[in-house]
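Enquirer: Provided below are the primary sequence and the corresponding predicted coordinates.
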Amino acid sequence: MLNFFTFDTLITPYIIGYIYFFGAIIIPILLLIYFNKSNFQLKNTKLKLYILLAFIFLEIGWRIFCEFFMVYFKIFLTLQT
């Protein structure tokens, strides 16, 4: 317990997996809420494709962002031992 308060033990590497799944679920929900509240009409097929591609790249970017921190903390934990 003392290691926790002196920051010798990091808790973030164990939490990042949960943060990723939370964000991967919340991002589409927030996009749907935004589109529903703005009365956004998807009549153009090209626009639908662009939104789908943007969504895919957003999810991939979120994954890369979380993986960066996972790798960073794994390097830190490996160097610490």
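Expert: Nice, thanks for sending it over.
Enquirer: can you give me the helices for this structure?
Expert: Remark: helices of the chain, listed N- to C-terminal, are 2-5, 12-37, 45-80; assignment by DSSP state H.
Enquirer: Take those helices and lay them out in CSV including mean pLDDT and mean neighbour count.
Expert: (C-beta placed from N, C-alpha, C; glycine too.) Written out in CSV, the entries for these read as follows (pLDDT from 0 to 100; neighbours: other CB atoms under 10 Å):
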stretch, mean pLDDT, mean neighbour count
helix 2-5, 78, 8
helix 12-37, 85, 12
helix 45-80, 86, 11
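Enquirer: Contacts only, for the residue nearest to the spatial centre of the chain.
Expert: Centroid-nearest residue in the chain, with CA atoms, centre = their mean: W62, separated by 3.7 Å. With contacts taken as CB atoms under 8 Å, 6 or more residues apart in numbering, W62 has the following neighbours: Y20, G23, A24, I27.
Enquirer: Tabulate the residues you listed (CSV), appending distance to I51.
Expert: As requested, those are arranged in CSV below (distance: CB to CB, whole Å):
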residue, distance to I51
Y20, 22
G23, 19
A24, 17
I27, 13
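Enquirer: now, the most widely separated pair of these?
Expert: Checking those against each other with CB to CB, the farthest-apart pair comes out as Y20 and I27, at 10.7 Å.
Enquirer: so who does I60 touch?
Expert: In this structure, I60 makes contact with no residue, judged by CB under 8 Å, 6+ apart.
Enquirer: Check the separation of the first and last residues in stretch 3-11.
Expert: Distance across stretch 3-11, first residue to last, is 11 Å (CA to CA, to the nearest Å).
Enquirer: Residues in contact with it: which ones?
Expert: Residues outside stretch 3-11 that contact it (CB under 8 Å, 6+ apart): F73, F76, L77.
Enquirer: I'm done for today, thanks for sticking with me.
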